[in-house]
Each structure stands twice: as C-alpha cells, then as structure tokens.
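Enquirer: need the 3D shape of this:
(chains A and B)
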2 protein chains.
Amino acid sequence: MSKTAITAEPGVPMIIITREFDAPRDLVFRAHTDPDLLVRWLGPRDLTLTIDQYEVRNGGTWRYVNTDAEGNTYGFHGVFHGDPSPDAIVQTMEFEGAPGHVCLQTVTLAERDGKTLLRAVSAFQSVQDRDAMVASGMERGVHDSHERLAELLARQQAS
Amino acid sequence: MSKTAITAEPGVPMIIITREFDAPRDLVFRAHTDPDLLVRWLGPRDLTLTIDQYEVRNGGTWRYVNTDAEGNTYGFHGVFHGDPSPDAIVQTMEFEGAPGHVCLQTVTLAERDGKTLLRAVSAFQSVQDRDAMVASGMERGVHDSHERLAELLARQQAS
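Expert: Next comes the predicted model:
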C-alpha cells in the first residue's frame, strides 16, 4: 500500500507532503472540494470535523472545526487563491489557536495510469511557525487523513 | 534618511523587507489600503500603476497592472486573508507572467515615537520561485516604492 511522505527540512519554513492514491484524479479532487466528502476523511480519526463554510472559488472563504471526545474544539480558516482545479488548489490556512500565523498551501494532483499523485506544499511565514505546526502533532493528522481518504476512494470505486 | 533593507537568505524561500517611515502608522496603513493612494507610490518610478480591483476585506480579491513606456503590461492579483489592519495585511500574490506561482505576503506596521516600522515577509512555494522574484528586478521596485511612499507621507503631513 502507498505511504505518505512528509518532508520538513531544518531551517526551511516549508512542509512537503506526497502520496499516491489508487483512484482517478477527478475523484481525489472531488474529495477535496465537496464538503460532504471532506468531513469523511480530513483530520485525525479520533476527532470530528464540522464545516462552517466552504466556498470553493477564487476569494472564497472556508472554516472548519475539529472536536475531540472531551468537546475541545480546534478551528481553522482561510481563503482560496484562484478557482480550485485538479491542477492546483491554493489556499491560506490559519489555526485559530495561534492567530496571526498564516500559511499558504498548494495541492496539485497528477494522474498516471489511473492513479493520482498528490503533492501538498505548505509555505510558512517563519521557521518557528513551521516547527510549531510539526510539534502540534500534524504528522499523525496527515497520516490518518490519507489513510481515511484512501479508504473512502476505495469505497467509492467499489460501489 | 531611513533605508530599506531586503533579506533573501540562500536556500530559504522567503524575502523579508524592513523600512522605517517618518509618519504615524495610520497614515502608512491608509497608503497601503486606499487605492487612490496606492497608485501614487507602488512600483518602479518608470511604470504606471492601474488598479482593476481592490477589495480590502477578508476574502477580497485585488488586481493591478503595471505599464511601461512601451505599453508592456505586468499584471498581478491575489486575495486578502483576514480583514487588513495596521497589525497585519495578509495577502496572496501571483504575477500573471508566471501563472501558478503564488506567494504569501504579510505586512506589519509598528509605531514608535511617531515613526512606523514596516516589516513585509513574503513566503514562496519554492526557493526557485523566490529566486525568480529576486532576478526579476524586484529589488529596484521595492526601493523605488519605498522612496515614493516616504515622499507621499511627507507631502501628506506637510499639507
């Protein structure tokens, strides 16, 4: 089974994530842009995702909240730069627990032989911001998300 | 007279610009957010700036075009993340001559003794993108812009 690779070089304020999914890229794109699908895979398995707002267009704003079993909430929000497409979903992201720290995320989807290579680049405003994101347990969230997304894509193609 | 400092470390996809202006920060902020003022200072002296769109609000889109004496045009566009304030103007930026290459800019304004320290951080999606921006002659544009802004602020305070 494909594995998610996460790269975060010392001293460089970026995180690069790659993963191959066994699905056509239109399906992978739809899983990123349809809020009804997004809530089924984004985030760690033990958190519930609630989407407040998800305007998939240039200048569209989005906000979602992760809630854990104790009821603690973790809000995130941002805006889309450009109209999202399988070639690029570009958006800003701010964790509301650390207001004022914004990153820029670009997701690109490349299809080859019916499989899709996802590449997600996050650019931070400082190395400290990037390191704080890594220290927050982001890695577990990404791995869980990608496993859940792979499962969702498999179910969609089986049905 | 204050000088603009531009930092672009090798291997790190960022540009950090600082400059002190001899004006209260509200004036400096207004010069950044009022399109009628922006056209009077932003960009190299030998180009004309035309603003198509400038929606200063969370999710607001902006676009402007620089035109040189030969009529060549250089378009830029982006979106604002959050409502701009003197504490932070956060926006994406894409040069239309290199579509798909987006950066995230944060301008913060700190006032001390009636002067304002401007700090502008640009985070790029790759070192190549950052290096291309530096190679494009960005430095001259920043120096010209800041000189022109200093002149505009002086005129506003004299009148």
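
Enquirer: please look at A:Pro84 and A:Thr33 and confirm they touch.
Expert: Yes - if you go by Cβ atoms under 8 Å, A:Pro84 and A:Thr33 touch, sitting 5.7 Å apart. Glycine gets a C-beta too; all of them are placed from N, C-alpha and C.

Enquirer: okay, and the common contacts of these two?
Expert: A:Val56 (Cβ atoms under 8 Å, 6 or more residues apart in numbering or on different chains).

Enquirer: look up which residues are beta-bridged to A:Thr116.
Expert: A:Phe21, A:Glu111 (DSSP bridges).

Enquirer: residue nearest the centroid of chain A?
Expert: A:Leu42 (6.7 Å; Cα atoms, centre = their mean).

Enquirer: hmm, that one is touching A:Ser145, no?
Expert: Yes - under the criterion of Cβ under 8 Å, A:Leu42 makes contact with A:Ser145 at 5.5 Å.

Enquirer: any idea how far the residue nearest to the centre of chain A lies from chain B?
Expert: Note on A:Leu42: its distance to chain B, by Cβ to the nearest Cβ, to the nearest Å, is 20 Å.

Enquirer: and for A:Leu42 and A:Ser145, which residues touch both?
Expert: By Cβ under 8 Å, 6+ apart, A:Leu42 and A:Ser145 have no common neighbours.

Enquirer: so where's chain A uncertain?
Expert: A:1-2 (pLDDT under 70).

Enquirer: what residues of the lengthiest helix in it count as buried?
Expert: Longest among the helix segments of chain A by residue count, using DSSP state H, is helix A:138-158. By 16 or more other Cβ atoms under 10 Å in any protein chain shown, the buried positions in helix A:138-158 come out as A:138-139, A:141-150, A:152-153.

Enquirer: and that helix, what does it pack onto?
Expert: strand A:14-21, helix A:25-33 (3 or more Cβ pairs under 8 Å, 6 or more residues apart in numbering or on different chains; DSSP states H and E).

Enquirer: how about the residues of chain A by chain B?
Expert: A:11-14, A:55, A:58-61, A:78-82, A:87-88, A:90, A:92, A:94, A:100, A:102-104, A:106, A:121, A:123-126 (Cβ under 8 Å from any Cβ of the partner chain).

Enquirer: what is the burial count for the closest residue to A:Asp83 other than its chain neighbours?
Expert: Closest residue to A:Asp83 apart from its sequence neighbours, by Cβ to Cβ, 6 or more residues apart in numbering or on different chains: A:Asn58 at 5.0 Å. Counted with other Cβ atoms under 10 Å in any protein chain shown, residues neighbouring A:Asn58 total 17.

Enquirer: over to the one 3 residues further on?
Expert: Burial measure for A:Thr61: 20 neighbouring residues, criterion other Cβ under 10 Å.

Enquirer: circling back: so what touches the longest helix of chain A?
Expert: So helix A:138-158 is contacted by A:1-2, A:4, A:6, A:15, A:17, A:19, A:21-23, A:27-28, A:31, A:37, A:40-45 (Cβ under 8 Å, 6+ apart).
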